[in-house]
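Participant: Show me how the following folds:
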Amino acid sequence: MLAAETYSSLGALLSDALVQWKRETALIEIDRKKVKRELTYRECMPEVARVASFLSKTLPTHTNREDAHLSPSAPRVAVLLGNQSRWLLAACAIFRVGATLVPIDYKLSAQEQLELIAHAKADLLITELPLARRFAAPPSCPILLVDGEDSKANVHTWDALPDAEMPPLVERAREDVATIVYSSGTSGRAKGCLLTHGAYLAQLDALMAIFPMRPGHRTFSILPTNHAIDFMVGFIGPFASGATVVHQRTLRPEFLISTLEEHAITHMAVVPVLLEAFERAIDERLAKRPAWQQKAFNFLTTVNQALTRDAVRPELSRKLLPGVHDAFGGKLELIFAGGAFVDRERAERFHAMGLPVVIGYGLTECCTVATVNDLRPFRANSVGAPVKGVELRIVHPSQDGVGEVWVRGETLMRGYLDEPGLTEAAFTPDGWLRTGDLGKLDASRHLQLVGRSKNMIVSPGGKNIYPEDVEGTFAGIEDVSELAVFATGYIWPARESLVGEGLFAIVRGDIERAQLVKELELRNRKLPEHKRIASFLETAEEFPRTASMKLKREVLAAWLREHVRPTELVRLRVAEKAEGALSL
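Facilitator: You can find the predicted model right below:
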């Protein structure tokens, strides 16, 4: 693997990767079950050279921007693409010419995308024809289309670019900004995080020290590459290690499973909803087996869990449970999970089957992750310990040790683009990032997250309740597509006091009311009285989510405040004794 600490920029590291690993397969792009493109690192170089040459001739040599956070001369290139190999090739070219990369989420509306491109003051946009056609009016900057042709002025086509020599590397310093990554988190307000070359290189060094990659490994890039986890695990990490990145253009579950089976995937990054989809696929296959085979599978899973509790043993797990491992290609070593809370029981089940789930915690503001569970041993009840170069502290802890999580280290952003007020509010004078998340440190100094400070309630008995911590109890109800728990006082703030507030669930699904009530009341009994939901609300509206399928709680909360009255909630009988239950 290339030593990240010896480089000053991503451009230098990626340029060396194309040469160092020239004989290794770099990219495989699949459309449904057909391999559409396969390139070695050497075969990537001519495409990178053509695009880099085009950028060096098209981008302004000096932007005349007076921004204290950015190199004044660094032009900005927005990339708006779905999962595909040319996303990565474009990024290599952008960093080669010393430009700043602005990843744009392809799942946003066209208007939102245009607003982000304008906010970033992009000097060029790289996109694909179907996305470009959604714009009511194109952005003012030049456009490079990775597919198709367009006769509009100022629009260029990737395949029409002439062959060219690789332009000289424009070096950047570690403190220079590499990317402007927009993150709305769950608040709905987009903010451009200024992430430096040094932050990415430090993050790469920390992660590869724990989970090294090498030539022969194959990473399945399922999440959008603009997502912080996939940018590192599905691009920078594999390229620095000579591994292969596999893209599946169609993200329907059956084709994801097919790619896993046929292309010997060793690593992939997912969000919890994808992990749930994979679990359903396993259960569906298992349900078709005779009863004795199901019992044998459960027994062998228990045996494997006991033998791999302290360390992952993939070869042993594959021998004990060949069926489930073959369904995932027979080579899967690690599943990186993040972007939202990971259900503990689900993570434990995957680990028991020999498919270890790496749980981490991070924000866009801290590059990729601040903490990660190193699997030595596996701990499903935590998001791990701080990675190398990162400090963590719990501020103003309660009697049970829960307080706001603060983070400091070299992987943090330099601030928010053109938002000095927000930047100042996010950081303390001595450099700590106020995350707004609530957590505590266990005896081994591993972080346990319990929720967001805004969505917490205090019961009349003085107990803190975190709705996110309750949701896992209600996960997996058949025919329920989505479920989220809120504090009533968070949605409908009491004017005089917090007495009488409680928890309620908003539910979307195709389930009969009577059956839903039965399931909710049954699961409610498993919770301590002060954590039980008092009522629920049914909706047909899909929950608002980010590109990584993380629930936008603030957006959903705003919708509830506008469209729902407390009297519309359906009360649950089992919650009547719950401390602090809602009284209607």
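
Participant: what about the strands in the stretch 201-350 of the chain?
Facilitator: For the stretch 201-350 of the chain, the strands identified by DSSP state E, counting those that start in this stretch occupy 218-221, 244-248, 267-270, 334-337, in order along the chain.

Participant: So for the last one, what gets flagged as buried?
Facilitator: To tie it back to what came earlier, the one meant is strand 334-337. For strand 334-337, the buried set under the neighbour-count rule, 16 or more other Cβ atoms under 10 Å, comprises 334-337. Bear in mind the C-beta positions are built from the backbone N, C-alpha and C, glycine included.

Participant: Looking at those residues, which is nearest residue 536?
Facilitator: Nearest to residue 536 among those: residue 337, at 27.5 Å, using Cβ to Cβ.

Participant: what residues are up against that closest one?
Facilitator: Residue 337 makes contact with 269-272, 275, 347, 357-360, according to Cβ atoms under 8 Å, 6 or more residues apart in numbering.

Participant: Any regions of the chain where pLDDT drops low?
Facilitator: Filtered on pLDDT under 70, the chain yields the residue ranges 62-73, 184-189, 339-341, 452-464, 493-501, 547-548, 574-584.

Participant: Give me the domain ranges for it.
Facilitator: 8-19+36-196+219-233, 271-453, 456-575 (automatic domain parsing).

Participant: In a markdown table, list these along with distance to residue 202.
Facilitator: As requested, the domains of the chain are exported to a markdown table (distance: least, Cβ to Cβ, whole Å):
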| stretch | distance to residue 202 |
| --- | --- |
| domain 8-19+36-196+219-233 | 9 |
| domain 271-453 | 4 |
| domain 456-575 | 22 |
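
Participant: May I see the buried residues of strand 334-337 organised as TSV, with distance to residue 431 added?
Facilitator: Rendered in TSV, the data for the buried residues of strand 334-337 read as follows (distance: Cβ to Cβ, whole Å):
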residue	distance to residue 431
334	32
335	33
336	27
337	29
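
Participant: Residue 412: which of these is nearest?
Facilitator: Nearest to residue 412 among the buried residues of strand 334-337, counting by Cβ to Cβ, is residue 336 at 20.5 Å.

Participant: which residues sit in contact with the nearest residue to the closest one once chain neighbours are set aside?
Facilitator: Beyond its immediate neighbours in the sequence, the residue positioned closest to residue 336 (Cβ to Cβ, 6 or more residues apart in numbering) is residue 269, lying 4.1 Å away. Contacts for residue 269 (Cβ under 8 Å, 6+ apart) come out as 219, 221-223, 229-230, 233-234, 335-338.

Participant: now do residue 211
Facilitator: For residue 211, the set of contacting residues under the criterion of Cβ under 8 Å, 6+ apart consists of 334, 358.

Participant: Distance of it relative to residue 204?
Facilitator: With distances defined as Cβ to Cβ, to the nearest Å, the gap from residue 211 to residue 204 amounts to 11 Å.

Participant: Now the common contact residues for these two.
Facilitator: Among the neighbours of residue 211, none is also in contact with residue 204 (Cβ under 8 Å, 6+ apart).

Participant: Just the strands from the stretch 451-584 of the chain, written as ranges.
Facilitator: Secondary structure of the stretch 451-584 of the chain (DSSP E, counting those that start in this stretch): strands located at 457-458, 464-465, 480-487, 503-509, 533-538, 570-571.

Participant: so which of those comes closest to residue 561?
Facilitator: strand 480-487 (10.3 Å).

Participant: starting at the chain centroid, how far to that closest one?
Facilitator: Its chain's C-alpha centre and that of strand 480-487 lie 20 Å apart, by Cα atoms, centre = their mean, to the nearest Å.

Participant: neighbours of residue 366, just the number please.
Facilitator: 26 (other Cβ atoms under 10 Å).

Participant: I'd say it and residue 392 touch.
Facilitator: No - contact status for residue 366 versus residue 392: not in contact, 10.2 Å apart, counting by Cβ atoms under 8 Å.

Participant: Next, show the common contact partners of those two.
Facilitator: Counting by Cβ under 8 Å, 6+ apart, the shared contacts of residue 366 and residue 392 are residue 407.

Participant: quick one: contacts for residue 556?
Facilitator: If a contact means Cβ under 8 Å, 6+ apart, then residue 556 has 484, 506, 543-544 as its contacts.

Participant: Most neighbours of all those residues, which one?
Facilitator: Each of those was scored for neighbours by other Cβ under 10 Å, and residue 506 scores highest at 22 neighbours.

Participant: residues in contact with that one?
Facilitator: Neighbour list for residue 506: 483-484, 486, 536-539, 556, 560 [criterion: Cβ under 8 Å, 6+ apart].

Participant: cutoff 6 Å now
Facilitator: Shown here is residue 506, whose contacts under the criterion Cβ atoms under 6 Å, 6 or more residues apart in numbering are 484, 537, 539.

Participant: so what's it bridging to?
Facilitator: Counting by DSSP bridges, residue 506 forms beta bridges with residue 484, residue 537.

Participant: Give me the distance between it and residue 534.
Facilitator: 13 Å.

Participant: again, but for residue 320
Facilitator: Following Cβ to Cβ, the distance that separates residue 320 from residue 534 is 44 Å.

Participant: Neighbour count for the two, which is higher?
Facilitator: Ranked by neighbour count (other Cβ under 10 Å), residue 320 and residue 534 place residue 534 first, with 23 against 20.

Participant: With residue 560 as the reference, measure out to that one.
Facilitator: Between residue 534 and residue 560 the computed distance is 15 Å (Cβ to Cβ).

Participant: in the stretch 151-300 of the chain, which spans are helices?
Facilitator: 197-210, 228-231, 237-241, 253-262, 272-287, 291-307 (DSSP state H, counting those that start in this stretch).

Participant: Residue 46: which of those is closest?
Facilitator: Taking the helices of the stretch 151-300 of the chain one by one with Cβ to Cβ, helix 237-241 is closest: 16.7 Å.

Participant: Packing partners of the closest one?
Facilitator: Contact partners of helix 237-241 among helices and strands, from 3 or more Cβ pairs under 6 Å, 6 or more residues apart in numbering; DSSP states H and E: helix 10-20.

Participant: if we can go back for a sec, for the strands of the stretch 201-350 of the chain, give me TSV that also has distance to residue 94.
Facilitator: As requested, the strands of the stretch 201-350 of the chain are exported to TSV (distance: least, Cβ to Cβ, whole Å):
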stretch	distance to residue 94
strand 218-221	18
strand 244-248	17
strand 267-270	22
strand 334-337	25
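
Participant: closest to residue 52 out of those strands?
Facilitator: Of all the strands of the stretch 201-350 of the chain, it is strand 244-248 that lies closest to residue 52, at 19.3 Å by Cβ to Cβ.

Participant: Now do the contacts for residue 181.
Facilitator: The neighbourhood of residue 181, defined by Cβ under 6 Å, 6+ apart, consists of 103, 193, 195, 364.

Participant: typed the wrong thing, it's residue 382
Facilitator: By Cβ under 6 Å, 6+ apart, the contact list for residue 382 reads 446, 448.

Participant: 10 Å instead, please
Facilitator: 344, 359, 361, 371, 373, 439-442, 444-449 (Cβ atoms under 10 Å, 6 or more residues apart in numbering).

Participant: among those residues, which are in strands?
Facilitator: Assignment to strands by DSSP state E places the following of those there: 359, 361, 371, 439-441, 447-449.

Participant: got the helices of the stretch 151-300 of the chain as a markdown table, with mean neighbour count and distance to residue 420 columns?
Facilitator: Formatted as a markdown table, the helices of the stretch 151-300 of the chain follow (neighbours: other Cβ atoms under 10 Å; distance: least, Cβ to Cβ, whole Å):
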| stretch | mean neighbour count | distance to residue 420 |
| --- | --- | --- |
| helix 197-210 | 23 | 19 |
| helix 228-231 | 26 | 23 |
| helix 237-241 | 27 | 33 |
| helix 253-262 | 17 | 42 |
| helix 272-287 | 15 | 35 |
| helix 291-307 | 13 | 51 |
